[in-house]
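Trainee: quick one: sequence plus predicted model below, questions after.
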Amino acid sequence: MQLHDSPHDMTGILELRVYRGGELIDDWRDENLIVDGARDMLARLIAGDGSGEAVTRIGFGGNASPASPDDTALTGAYVRDLTGHSYPAAGQVRFDFALATTEANGLTIREFGLIAADGSLFSRKVRGAIEKNDDISFQGTWTIIF
């Protein structure tokens, strides 16, 4: 018998709704990568030494390189607090986020990341570029499935 204890066995689903002038222009959903650093984060959490490991923020960055398990940060990221979280099913946590028309203007957004309170990257997803300006806003969810 072979056991697997890898964060790569975990998965995530990023759902993003992009609005221009309040009208939906893109409704996108895709699986994401859980990075290797998440393994250490989860180990500290279950041992009771998890100060700062809770996922509390989301980042929007400009790097178009494919996601890699070795990723540790986003490039040129605009980072903001998540707007909430819930538990949609056993072994799942869903993080809610938004990006207002007043935030991150001028940034070409290509990557997204869930970020812990201590700044550690938990997961990363890359997609086609979104030119963020003052008539663009986002709403979304990011579900982690254990």
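Mentor: Done, it's in.

Trainee: whichever strand or helix holds residue 96: what's the following helix or strand?
Mentor: Secondary structure from DSSP states H and E places residue 96 in strand 92-99. Note on strand 92-99: by DSSP H and E, the next helix or strand toward the C-terminus is strand 108-116.

Trainee: in that next one, what counts as buried?
Mentor: 109, 110, 111, 112, 113, 114, 115, 116 (16 or more other Cβ atoms under 10 Å). (C-beta placed from N, C-alpha, C; glycine too.)

Trainee: give me the below-cutoff pLDDT ranges for the protein.
Mentor: 1-8 (pLDDT under 70).

Trainee: ok, back up a step: tell me what angle the strand holding residue 96 forms with strand 108-116.
Mentor: Strand 92-99 runs at 130 degrees relative to strand 108-116, counting by axes from the mean of the first three to the mean of the last three Cα atoms, to 10 degrees.

Trainee: from the chain's centroid, how far away is strand 92-99?
Mentor: Computed by Cα atoms, centre = their mean, to the nearest Å, the chain-centroid distance of strand 92-99 equals 8 Å.

Trainee: quick check: buried residues in that strand?
Mentor: 93, 94, 95, 97, 98, 99.

Trainee: distance of residue 132 relative to residue 79?
Mentor: 14 Å (Cβ to Cβ, to the nearest Å).
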